[in-house]
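Student: Okay, here's the prediction I keep looking at, along with the sequence it came from:
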Amino acid sequence: MQGKVVVITGASKGIGAAAMRAFGGAGAHVAGLARSRTQLDALVGDIGPAAMAQECDVADWASVSAAIAAVQARFGRIDVLINNAGVIDPIARLAEADPAAWGANIDINLKGVFHGMKAVLPVMRAQDGGTIITVSSGAATNPLEGWSSYCAGKAGALMLTRAAHLEEGPHGIRVLGLSPGTVATDMQVKIKASGVNPVSQIDFATHIPADWPARALVWMCGPAADEWLGRDISLRDEAIRRAVGLIA
């Protein structure tokens with residue numbers, strides 16, 4: 001990753017913040033995108049001059065397009081996009097779900113992924129390659145009570161990964177996803193408080209640290225992950241954990 005330019009959405013906390021540190025530690029230039037810059041600026045300050053913060057709302061195409069242009073202006077290229085921004089709200093059964101909140105989830109979890117892909121594809125095509133990784137979920141293939149918007153958004157994002165691989169693989173662009181399992185982040189705090197579906201009953205101490213998916217994302221940028229192009233890699237798989245170096 002030495003000298004490569006990595007863009008990470010939802011970079012102010014959780015997996016995104018851990019990924020900023022992991023890629024920065026691997027020698028990459030990292031650009032963190034988030035709606036609020038307060039936490040992001042502090043994180044960039046810790047990483048150093050190879051990092052930049054950019055305010056961005058992934059649900060807004062103009063905002064994403066401007067953010068990617070700003071990163072390209074700063075670093076001259078974009079080698080990796082990590083589509084990490086995501087929300088769990090609203091946790092509500094279909095009959096009680098608020099349509100506006102349901103749609104806002106799709107705007108971030110699905111349209112946000114599309115916006116990121118669309119913004120970086122011309123850049124990556126012009127430089128004959130790049131890697132796009134979307135942080136996915138087991139919810140992309142398994143319905144869960146109260147999570148209809150989240151499941152639908154993640155399922156759609158997985159199909160976007162497949163479609164982008166089909167269309168852009170011939171241009172040297174690697175597209176794949178990471179399903180990290182349950183991670184000790186603020187999202188799991190919300191899920192626990194909801195009391196809805198079996199995921200809310202999981203002991204918080206059993207969730208993996210955000211550093212694990214962050215390290216997996218770095219590993220996925222290399223050729224060892226090429227057999228998963230167009231698909232999601234599951235961090236629940238012990239063989240993957242071993243390959244990444246998370247377990248012996």
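Tutor: Arrived safely.
Student: Which elements pack onto the longest helix along the chain?
Tutor: In the chain, with assignment by DSSP state H, the single longest helix is helix 148-168. Contacts defined by 3 or more C-beta pairs under 8 Å, 6 or more residues apart in numbering; DSSP states H and E place helix 148-168 against helix 99-109, helix 111-126, strand 130-135, strand 173-179. (C-beta placed from N, C-alpha, C; glycine too.)
Student: redo that, cut-off 6 Å
Tutor: Contacts defined by 3 or more C-beta pairs under 6 Å, 6 or more residues apart in numbering; DSSP states H and E place helix 148-168 against helix 99-109, helix 111-126, strand 173-179.
Student: Show residues contacting the helix or strand of the chain with the lowest mean pLDDT.
Tutor: In the chain, the helix or strand scored least confidently by mean pLDDT, DSSP states H and E is helix 186-194, which has a mean of 83. Applying C-beta atoms under 6 Å, 6 or more residues apart in numbering, the external contacts of helix 186-194 come out as 88, 91, 199-200, 207.
Student: go on, stretch 200-213?
Tutor: Against stretch 200-213 from outside (C-beta under 6 Å, 6+ apart): 14-15, 18, 180, 182-185, 188, 191-192, 194, 246.
Student: let's see it at 10 Å
Tutor: 13-19, 21-22, 84, 91, 135, 144-146, 178-185, 187-195, 215, 220, 235-236, 241, 244, 246-247 (C-beta atoms under 10 Å, 6 or more residues apart in numbering).
Student: before we move on, what about stretch 162-169?
Tutor: 113-114, 117-118, 121, 124-125, 129-130, 132, 134, 173-177, 228-232.
Student: try 6 Å this time
Tutor: Here stretch 162-169 has contacts from 117, 175, 229-230, using C-beta under 6 Å, 6+ apart.
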